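Q: Attaching a predicted model along with its sequence, questions to come.
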Amino acid sequence: MSTWEEEFSPSAATQRVLAWALRMGAATLGEAYDMLDHFEESNDVPEVLGEDDTIEEVREDIEFGLDTTGPDTELTSLL
């Protein structure tokens, strides 16, 4: 296990958003981050996040992941 895998473990909400981004065509963490504004405006937010999680928590989690793993990290390695 590499260092970033020990440091960055996406929350369940973040994993659901990353899976959504993957379905929408993103391949990397950086691309998923770039899609957050689109996600926030979509009708998918309630279905993907539910009532207990917020887009801001997901954004912070992904930003930490970007700092830890880099923008080119494949989404499939995080899911």
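A: In hand now; what should we look at?
Q: any idea which residue sits dead centre in the protein?
A: For the chain, L18 is the residue whose C-alpha lies nearest the centre (C-alpha atoms, centre = their mean; 3.8 Å).
Q: Just after the helix or strand of the chain with the lowest mean pLDDT, pick out the following helix or strand.
A: Lowest mean confidence among the helices and strands of the chain (mean pLDDT, DSSP states H and E): helix 3-7, at a mean of 63. Following helix 3-7 in sequence order, the next helix or strand is helix 12-23 (DSSP states H and E).
Q: Where do the helices of the protein begin and end?
A: Here the chain has its helices, by DSSP state H, at 3-7, 12-23, 29-34, 36-41, 45-49, 55-69.
Q: Packing partners of the fourth one?
A: For helix 36-41, the packing partners by 3 or more C-beta pairs under 8 Å, 6 or more residues apart in numbering; DSSP states H and E come out as helix 12-23, helix 55-69. For every residue, glycine as well, the C-beta is placed using N, CA and C.
Q: Please apply the same query to the last one.
A: Using 3+ C-beta pairs under 8 Å, 6+ apart as the contact definition, the elements that helix 55-69 packs against are helix 3-7, helix 12-23, helix 29-34, helix 36-41, helix 45-49.
Q: Ok, the second one next?
A: Secondary structure elements in contact with helix 12-23, counted by 3+ C-beta pairs under 8 Å, 6+ apart, are helix 29-34, helix 36-41, helix 45-49, helix 55-69.
Q: That one: which residues count as buried?
A: A13, T14, Q15, R16, V17, L18, W20, A21, L22 (16 or more other C-beta atoms under 10 Å).
Q: Can you check what angle separates it from helix 55-69?
A: Counting by axes from the mean of the first three to the mean of the last three C-alpha atoms, to 10 degrees, helix 12-23 lies at 80 degrees to helix 55-69.
Q: hmm, who's touching helix 12-23?
A: 10, 29, 31-32, 35-36, 39, 44, 48-50, 52-53, 57-58, 61-62, 65, 75-76, 78-79 (C-beta atoms under 8 Å, 6 or more residues apart in numbering).
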